[in-house]
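**Q** A predicted structure for the sequence below; I have some questions about it.
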Amino acid sequence: MFLTLAALWFAAQATTPVSAPGDATLPAPTLEMHTIDVPSSGGGVAERGTLRTPIVRAQPDSKAIGVDVWRFPRTGEASADAPPLFLLHGGPGWPGLEPNRVDWANVVAPIVRYTDLVIVGQRGIGTSTDTSCAMVLAGRDDLPAEGAPLAESLAYSAARCADCRAHWEALGYDLTGLNVKEAAADVDDVRRLLGYDQIALWGTSFGSHWGMTIMRFHPDIVARALLSGMEGPNHTYDMPSGVLHSLERMAAAAEQAPELAEHVPEEGLIEAFRALIESVDEEPFEIEVARGGSTAVVRIDGDALRSVALGYSGRVNSRGGMPGWPADLITMVRGDFEPMARALLANSSGIQLPSASFFMLDCGSGITRERLDELHDDPAARVVGNLGAWYEATCAAWNSNLGDDFRSDFVSDIPTVVVHGLWDVNTPFDNALECVPFFRHLRFIPVDGGSHGALREAMQLEPGFEEAIMTFLATGNTDAIPTEVTLPPIEWRVPG
């Protein structure tokens, strides 16, 4: 049996917030839980409730919001001494749980054999009080035209962010409370109100960022932590060189694959793609692609190629999307741009804005001036693009900033296991290397061939790994956890 964290995500759909906009102020956090039957595979009983908390705890007159909380009680098969496991999801933007989306057999059961499982929603998002920005785009007829220059789309997004902020502030919401430090306090309040002295943390991607914030500002409540897809205090903006390093490791494996031996360019995948970008930067061109009985014109320039540096047939965010990546690059290097152009048209979704909470959380964590300067000067951006451009354009509208003290390094004595994929392009492996010195009591497991979901992939593909991880979370024992994991080779798709 393996633990499928992705099964806890449910497809984007309309949900009823547990706390509607316009709620009154609240002097102190409260939590009410009720028992529900979960109509899912395996079935079972869970408890669901709402943490009612001021948006800004330091302000007694702050408007209240609700945070969705789930608890799956321990089955009694393991020691009662195991701390409850608090599972922190990524994003930010996780929409929350719904009863018919719980995979009991593959997700809940492996954990509750050891301990209680608690899931805390993300304030201001999804099934918690939802601060969606979708309404500011509804019915508008001034959207940028398809294929509009990037600068135009970014400027439009920034303007609509200002509209979204104004909407929620007009309802009396102090959006400054939608930050990761207050989200960390949500976890502490849930812990206290459920009667736990200490907890174990499991956080991936933004969940690791959230988890490190809890470990830093509430260290006494954390018995141990499991983190993956590391997003440190200063890692909200991805560094182009980190993403390129992950692609280079992936390319090195692909270039050694027998099935690609006759197809890989002599100079290698990355260098051939880099040369192609330089060529079309100097001489961009347009191609016509059939679309719905007519034709569409797609401009092929450096920005277009950089936008598909992670692939177009299936992006390399997961091992499931990796097999076609070398073939995508090889196809473009050979001069065939029609498949890439079709993918650009198919994935052209226009302007999309998540929620006020998403922006306040991510923009508040932000980036130091020093790191931003490094990002601007990073030569890898010539291959993978300026990965901070969207944040730079939109965050200005939110004025959310936790400050450089928050983004500085910290030291933790909490027993911690960190698992990170060498091929991770969402939160590059370089992030993990920068975070390792934070932890004085650490077991660090690089996963060769692992993507952003390296922890889940290792649990699926490395015998005994899931059991070793669960033993650590229950007891703190790391003896069975390996120092590294190598996943099976990818079966790469052959071009053409």
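**A** The structure has been received and is ready for your questions.
**Q** I'd guessed Val45 sits against Pro73; true?
**A** Yes - in terms of Cβ atoms under 8 Å, Val45 counts as a neighbour of Pro73; the distance is 7.4 Å. (Each C-beta comes from the backbone N, C-alpha and C, glycine too.)
**Q** who's more crowded, those two?
**A** Pro73 (16 against 10; other Cβ atoms under 10 Å).
**Q** can you tell me how far the nearest residue to that one once chain neighbours are set aside sits from Tyr196?
**A** For Pro73, ignoring the flanking residues on the chain, the nearest one in space by Cβ to Cβ, 6 or more residues apart in numbering is Asp116 at 5.6 Å. To Tyr196, Asp116 is 8 Å away according to Cβ to Cβ, to the nearest Å.
**Q** of those two, who's got more company?
**A** Shown here are Asp116 and Tyr196; by other Cβ under 10 Å, Asp116 has more neighbours (21 against 16).
**Q** pull the contacting residues for the more buried one.
**A** Taking Cβ atoms under 8 Å, 6 or more residues apart in numbering as the criterion, Asp116 is in contact with 71-74, 84-85.
**Q** quick check: the two most widely separated of those residues?
**A** Farthest pair in those (Cβ to Cβ) is Pro73 and Leu85. Separation: 11.9 Å.
**Q** show me where pLDDT drops low in the stretch 1-150 of the chain?
**A** Along the stretch 1-150 of the chain, segments meeting pLDDT under 70 span 1-26, 40-43, 77-80, 147.
**Q** show me where it has helices.
**A** Per DSSP state H, counting those that start in this stretch, the stretch 1-150 of the chain carries helices over the ranges 109-112, 150-170.
**Q** just send these back as a markdown table, with mean neighbour count too.
**A** Formatted as a markdown table, the helices of the stretch 1-150 of the chain follow (neighbours: other Cβ atoms under 10 Å):
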| stretch | mean neighbour count |
| --- | --- |
| helix 109-112 | 20 |
| helix 150-170 | 16 |
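**Q** which of those helices has the lowest average pLDDT?
**A** Of all the helices of the stretch 1-150 of the chain, the minimum mean pLDDT falls on helix 109-112 (a mean of 88).
**Q** hey, what's in contact with both of Asp116 and Tyr196?
**A** Common neighbours of Asp116 and Tyr196, counting by Cβ under 8 Å, 6+ apart, are Pro84.
**Q** of the contacts of Asp116, closest to Glu282?
**A** The closest of those to Glu282 turns out to be Leu85 (Cβ to Cβ; 54.2 Å).
**Q** now that closest one. Nearest residue, chain neighbours left out?
**A** Leu85's closest residue in space is Ala200 (Cβ to Cβ, 6+ apart), at 4.9 Å.
**Q** and that neighbour, that's in a helix?
**A** No - per DSSP: H, G, I helix; E, B strand; the rest coil, Ala200 lies outside any helix segment and is strand.
**Q** of all the helices of the stretch 1-150 of the chain, which one is nearest His235?
**A** That would be helix 150-170 among these, by Cβ to Cβ, at 21.6 Å.
**Q** now what about that closest one, what contacts it?
**A** Contacts for helix 150-170 (Cβ under 8 Å, 6+ apart): 21, 131, 133, 135-137, 143-144, 175, 303, 351, 353, 356, 359, 389-390, 393-394, 396-398.
**Q** check which element follows that helix along the chain.
**A** Next in sequence after helix 150-170, counting helices and strands by DSSP states H and E, comes helix 180-193.
**Q** other SSEs contacting that following helix?
**A** Contacts defined by 3 or more Cβ pairs under 8 Å, 6 or more residues apart in numbering; DSSP states H and E place helix 180-193 against strand 30-38, strand 44-54, strand 64-72, strand 85-88, strand 117-120, helix 206-217, helix 356-365.
**Q** swap the cut-off to 7 Å and go again
**A** Helices and strands touching helix 180-193, by 3 or more Cβ pairs under 7 Å, 6 or more residues apart in numbering; DSSP states H and E, are strand 44-54, strand 117-120, helix 206-217, helix 356-365.
**Q** now the angle from that helix to strand 64-72?
**A** 50 degrees (axes from the mean of the first three to the mean of the last three Cα atoms, to 10 degrees).
**Q** what sits up against helix 180-193?
**A** Contacts to helix 180-193, defined as Cβ atoms under 7 Å, 6 or more residues apart in numbering, come from residues 29, 31, 51, 53, 57, 67, 69, 86, 118, 120, 122-123, 199, 209-210, 213-214, 217-218, 221, 361, 364-365, 402.
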